Structures are given as C-alpha cells and as structure tokens.
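Chemist: Can you look at this prediction? I've put the sequence above it.
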Amino acid sequence: MAFDRSRRLADRAAAIASEAAGLSIDAAVLAAARTALRRAVALGQGNGAGLDHALDRALAALAGACRVAGLGMPSARQLAAALLMHEGRAVAFGACGGASTAVALAALLHVWSGRRCHLVRAADWLAVRDCAAFAPLFALCGVRAAALEADLDEAELARRYAADLVYATGRQLLSDFLRTRLVTTGVAAAACRPAADVALVDDIDAVLAEEAASPVVISAAGSGGVLDAATLAACALIEELEAGRDYRIVREPGWRVDFSDTALTRLELLALRLPVYWRHPQRRDDVLSSALLARDELQRERHYLVQEGRVLIADDGVLRRLAGRVWQFGMLQAVEAREGLPLSSPPRTVARTAIQSFLPQYRRLAGIGASLAGMGDELRDCYGLQTVALPGAQAIRPLRRYGLRDGAVKLDAFVDALETRQRRGEALLVGAPRTADLAAIGRLLAARTIAFGLADGREPDADAATLAAAAEPGKVTLVIAAALRHGVLTEAGPAAPLHGMLFEHWDNARADAAFFAWCTAGEVFGAASDELLLRALPEWLPLPVERLARHAALAAPLVWLAQRNAARQSSRYRVSLGLRERQMDEQLAFARMG
C-alpha cells in the first residue's frame with residue numbers, strides 16, 4: 001500500500017514537472033491558476049479530484065514561475081515534497097540541497113489557497129536569506145513576503161507580520177506569541193500577534209530537535225537576595241561531597257544530579273547552613289545540583305564565556321551569545337560564583353512555553369528535514385505529524401577506521417591520514433562534534449605547515465564562502481556542524497570530488513549524514529575513549545566496552561547502539577519537556593479563571 005502511494009505520488013509529481021516545462025508563464029497564467037485553486041478550496045471540494053486537479057495546475061504554474069524568476073526548474077522530488085507539505089506531512093527529503101525551494105512552493109500553494117503562512121527556520125539570518133532568495137518568485141506570484149529579524153520595533157514588526165508569508169525562527173514566533181498573551185492579561189502594553197493558519201518548518205532536524213530542547217521564557221527583572229546567599233552557601237557545601245560516593249551526574253540532555261541515599265541523610269544536616277527557604281528538599285537539591293554542575297561539568301569557552309565581567313551562554317563551542325536564553329535554578333549565579341564574579345539578580349519568569357506546545361496551535365503544520373530517522377514517534381505524538389520519506393540519491397558509506405586505543409593515538413592517526421590525502425591533492429572536509437577537537441587538529445596541521453580554511457559558525461557569509469571553496473584540489477577545510485547550515489548545497493550534491501574526514505561520530509546518525517552529504521567519499525575515526533561511547537551507551541550494558549571498542553569489527557555495533565541511545569534520550573527529554581509545558585499552560589489557564 002505504501003509503495004503504491006509513493007509510486008502514485010512520484011507519477012503525479014513527474015506529470016506536474018512535465019506540464020510546467022511546457023507552460024508559457026505570464027501574469028495571466030499565474031492569476032488563472034491562483035483563482036482556480038482558491039475557488040476549488042472555497043467550494044469545499046475536500047481532497048477530491050477537483051481540488052487535486054486545481055492543485056496540480058497551480059503547482060505546475062509555480063514551478064514555471066521558478067524558471068522565469070531565475071531559480072531554475074524544480075525537480076519532481078521537490079514538487080512531491082511540496083504536495084506532501086500542502087497535505088500537512090513531515091517530509092524526509094534526504095541529506096541534499098533543494099529543500100528550501102520545496103518549502104517555498106508549499107507556502108505559495110497555501111497562500112494561493114487563502115491561508116496565511118509562517119515559514120520556520122533555525123536562525124534569523126536563514127530566514128532573511130531565504131526570503132531574499134525567493135523574493136523574485138514571490139513578487140511574480142503576487143504574494144507579499146517578509147522576514148523577521150532581531151530587535152525590530154513594534155511598528156516594523158507589525159508591518160512584517162501583515163505579509164501573506166512570513167519567514168521567522170521558532171523562538172521569534174514563540175516570543176511574540178508570549179508577548180501577545182501578556183497583553184491580553186494586562187502585563188504588557190503592546191505586542192504583535194503572530195497569527196497565521198499554517199506553519200511550515202524548514203529543517204525539522206534543527207527546529208524540532210535542537211530548538212525544541214529548551215522552552216522560551218520571558219522574564220522581568222528580579223532581585224537576588226536569598227538566592228545569592230543560597231548559591232554561595234551551596235558552593236561551599238559541595239566541597240564536602242564526593243563524586244561517586246555522594247552523587248553522580250547523569251549526562252542526559254539537560255543534565256541531572258542523582259544523590260545517594262547516604263548523601264541525602266547527610267544533606268539534611270548540611271542544609272541547615274542554607275537560608276531557611278532553601279532547606280526544603282526540592283529547593284535544596286536544585287541549588288546544590290546547580291553548584292555541582294557549574295563546578296564539575298560546565299566548561300569555560302565551551303558552555304559559557306566571560307566577557308566584560310559577565311557570564312554569557314555559549315552554543316556548544318560557538319562563541320556567540322544566544323539571545324533570550326537563560327539558565328534557571330541559580331545555574332548562572334553558581335557559574336558567577338565559580339568565576340569570582342558579582343552575582344547577578346535572577347530574572348523573574350512572567351511567561352513561558354515550548355515549541356511542542358506552540359506549533360500544534362496552527363490549523364495546519366508540516367515541514368521538511370534531511371533525515372527524520374528515529375523522530376517518527378516524536379513527530380506523531382508531539383505534533384500530530386505523519387512522516388513520509390522520499391526516495392533520493394544513495395548516501396555515501398564512509399570508511400570506518402575504528403579500533404584506535406585512545407584519543408591521542410586517534411589524533412595522530414587522523415592527521416597522518418589527512419596529510420597523506422592532502423599531499424595527493426585531494427580536497428578534504430574535516431568535521432568533529434567538538435570545537436576542542438577541531439582546535440587540536442588545527443594545531444597539528446599548523447605544526448606540519450598544512451594550510452587550512454575554517455568554517456566556525458560565527459559569520460554566515462564567511463562560512464558560505466569557505467564551504468564554496470572547499471572542493472578546490474589540495475584544500476583542507478575544518479568545519480563545525482552549525483557552519484554547515486551556512487553553505488548552499490544543491491540537490492545534485494557536490495559538484496566536485498570532496499573527501500570527508502570525521503574525527504568522531506556525532507550523537508545521532510542524522511548529523512553524520514548531514515556532514516557526509518557535502519562529500520563524494522569519506523571516512524570516520526573511532527577510539528575506545530570516544531565521548532559518545534563513554535556517555536551514551538546504556539548503563540546496563542554488561543560488557544567491557546573499552547576493550548571491545550579496540551576491535552574494529554566490534555566497535556561498529558557499539559557506535560550504532562550509542563547513537564541510538566543518545567537519540568532516544570534526546571527524544572524522551574523533548575517529549576517530557578513538551579508535556580511539562582502543556583501541563584503548566586493548563587495550570588496557568590485554570591489559575592486565570594479564578
């Protein structure tokens with residue numbers, strides 16, 4: 001049944017592409033297609049043949065408009081993805097370019113059907129870039145489009161929200177939604193309501209995986225007072241606790257600290273040194289956990305920065321401030337105490353929600369991603385989305401160089417292999433999950449007088465230029481995951497041979513696939529000391545992991561298991577976060593009724 005449906009969809013998309021190729025596009029043709037589609041929707045023809053016919057004709061006209069606008073003729077796969085998103089599906093498009101064109105076509109179909117549409121991107125610069133890239137197409141089709149940026153005033157924000165089609169980040173839409181909610185309750189004076197019928201998520205992998213891992217919070221100024229005293233007391237108390245004996249840190253998304261039974265007994269006495277409010281077991285454990293995480297886990301220059309006497313959150317090694325993100329439960333104050341800085345006043349939360357609560361409020365939700373493997377249940381349960389995978393080009397199978405003893409041996413072997421290929425004139429794309437690993441590779445390359453380019457995720461334009469030049473013979477390019485989004489990858493894949501070298505697997509196979517999509521061949525290295533194996537393998541696994549990981553044949557299933565476990569942990573965390581936020585929304589709604 002699924003095969004037959006996929007075949008029918010492919011045949012339908014091919015027929016639309018064929019019709020589009022023969023169309024002579026002008027304003028009259030586009031206006032007629034738009035009117036026919038709007039009439040079919042208005043007449044309530046449901047999903048019958050009348051609507052399908054009007055939809056196919058409209059999509060053929062839009063595809064022809066792409067050609068006239070200088071964007072090239074969309075492929076049958078892009079047209080099929082647009083149809084699926086118009087139906088409200090999550091589309092696994094494959095780790096190649098061209099997804100943004102499919103999203104733009106789906107958005108135009110919705111607007112032509114009489115529905116206002118929000119296109120959700122992972123970063124505001126992506127929203128601005130896509131809006132500008134497709135501006136000729138939108139103008140030709142008679143559709144007003146706008147992109148939201150940070151720090152817009154209320155008047156300009158209202159003007160852009162009035163467009164038929166709005167590009168924005170999920171966090172921007174959530175923040176404006178919360179501000180609108182505050183207006184209705186009298187807390188705020190003015191705001192723009194981000195009202196639309198449809199939300200289309202471009203790059204589901206990023207928006208509904210990474211961005212959904214934390215709620216959006218609107219805060220007002222608070223006062224430190226008791227929290228300051230509790231933080232300083234907690235930082236002193238944890239010096240009497242011993243890792244392993246009194247507590248252990250579980251490295252799941254969000255981190256947590258588990259105290260042993262003997263430690264809990266001791267804490268009842270130690271907590272007497274805390275201010276009275278913080279002696280309650282839950283609040284005591286929160287402030288002590290923050291102090292322990294700040295001391296044992298959070299690393300300067302990776303998780304946070306210190307600039308001009310202030311602590312700023314870093315994006316896992318990308319040294320830039322993330323607007324609107326704060327740590328809670330005294331974590332920021334614990335880091336400040338560790339760094340010897342004056343403690344800042346904690347903000348007071350006045351509104352909060354999460355993507356899992358917000359996006360299902362649209363009348364229709366759809367999206368596209370490179371690979372949605374392992375996300376099907378989450379997308380169905382949290383967002384009501386059915387996932388459909390489109391067949392595409394076969395992904396490359398990188399050579400696995402596993403079985404290395406430890407990180408130092410792997411680093412030497414990695415750079416040796418890189419140097420050998422570079423001397424042969426091969427173009428190399430080098431990736432690693434952590435910037436510290438890329439820095440170590442860069443130092444060794446510099447010591448061997450091997451020049452390299454760096455895409456570090458800080459400047460989109462610079463990263464795009466670096467990635468565009470990565471396929472030059474003999475070129476070595478170091479890249480972090482965030483920078484890959486700054487480049488432009490065509491649907492046809494790499495235009496020139498590019499060998500990918502991955503220093504260590506990411507936490508999920510989707511990120512690995514996104515990296516190797518830029519390459520025509522590749523290899524990945526693995527050692528027994530890899531963080532993925534140490535952190536993400538199930539604790540119940542009764543195996544000598546370090547010994548087994550030194551055997552290449554045995555390391556492969558361990559890596560697979562670790563990635564699957566890490567992906568499941570992340571998914572469970574996001575689902576639980578969404579459930580908790582929905583419960584909080586219901587409680588707040590009930591409280592307002594009183």
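Modeler: Thanks, I have the structure now.

Chemist: Specify the local secondary structure of the residue nearest the centre of the chain.
Modeler: In the chain, the residue lying closest to the centroid (CA atoms, centre = their mean) is residue 206, at 2.0 Å. Of the three states, residue 206 takes helix under DSSP: H, G, I helix; E, B strand; the rest coil.

Chemist: residue contacts, it?
Modeler: The neighbourhood of residue 206, defined by CB atoms under 8 Å, 6 or more residues apart in numbering, consists of 122, 485. The way it works is simple: take the backbone N, C-alpha and C, and place the C-beta from them, glycine included.

Chemist: so what pLDDT did it get?
Modeler: Residue 206 is assigned a predicted lDDT (pLDDT) of 81.

Chemist: do the same with residue 410
Modeler: Residue 410 is assigned 90 on the pLDDT scale.

Chemist: circling back: with residue 484 as the reference, measure out to the residue nearest to the centre of the chain.
Modeler: From residue 206 over to residue 484 the distance is 10 Å, taken as CB to CB, to the nearest Å.

Chemist: hey, what's residue 502 bridged with?
Modeler: Listed beta-bridge partners, residue 502: residue 431, residue 524 (assigned using DSSP bridges).

Chemist: Give the residue spans of the stretch 151-300 of the chain that score low on pLDDT.
Modeler: Scanning the stretch 151-300 of the chain for pLDDT under 70 picks out 181-194, 213-226, 251-255.

Chemist: could you pull out the strands for it?
Modeler: 165-169, 198-202, 216-220, 247-250, 256-259 (DSSP state E, counting those that start in this stretch).

Chemist: Looking at the ones you listed, which is nearest to residue 525?
Modeler: Proximity to residue 525 (CB to CB) singles out strand 247-250 among those, at 27.1 Å.

Chemist: Mind listing what's buried along the closest one?
Modeler: Judged by neighbour count (16 or more other CB atoms under 10 Å), strand 247-250 contains these buried residues: residue 247.

Chemist: helices or strands up against it?
Modeler: strand 256-259, helix 281-296 (3 or more CB pairs under 8 Å, 6 or more residues apart in numbering; DSSP states H and E).

Chemist: Show me what the longest one packs onto, helices and strands only.
Modeler: For helix 281-296, the helices and strands in contact under the criterion 3+ CB pairs under 8 Å, 6+ apart are helix 226-237, strand 247-250, strand 256-259, helix 261-270, helix 331-338.

Chemist: Indicate which one of these is closest to residue 519.
Modeler: strand 247-250 (34.9 Å).

Chemist: And the closest one, how far out from the chain middle?
Modeler: 27 Å (CA atoms, centre = their mean, to the nearest Å).

Chemist: can you check stretch 461-478 too?
Modeler: 23 Å.

Chemist: now that stretch: mean pLDDT?
Modeler: Mean predicted confidence for stretch 461-478 is 89.

Chemist: cool, stretch 50-58 as well?
Modeler: 86.

Chemist: just checking, residue 498 touches residue 421?
Modeler: No. Counting by CB atoms under 8 Å, residue 498 does not reach residue 421; the two are 11.2 Å apart.

Chemist: Give me the more crowded residue out of the two.
Modeler: Using other CB atoms under 10 Å, the more surrounded residue of residue 498 and residue 421 is residue 498, with 23 against 17.
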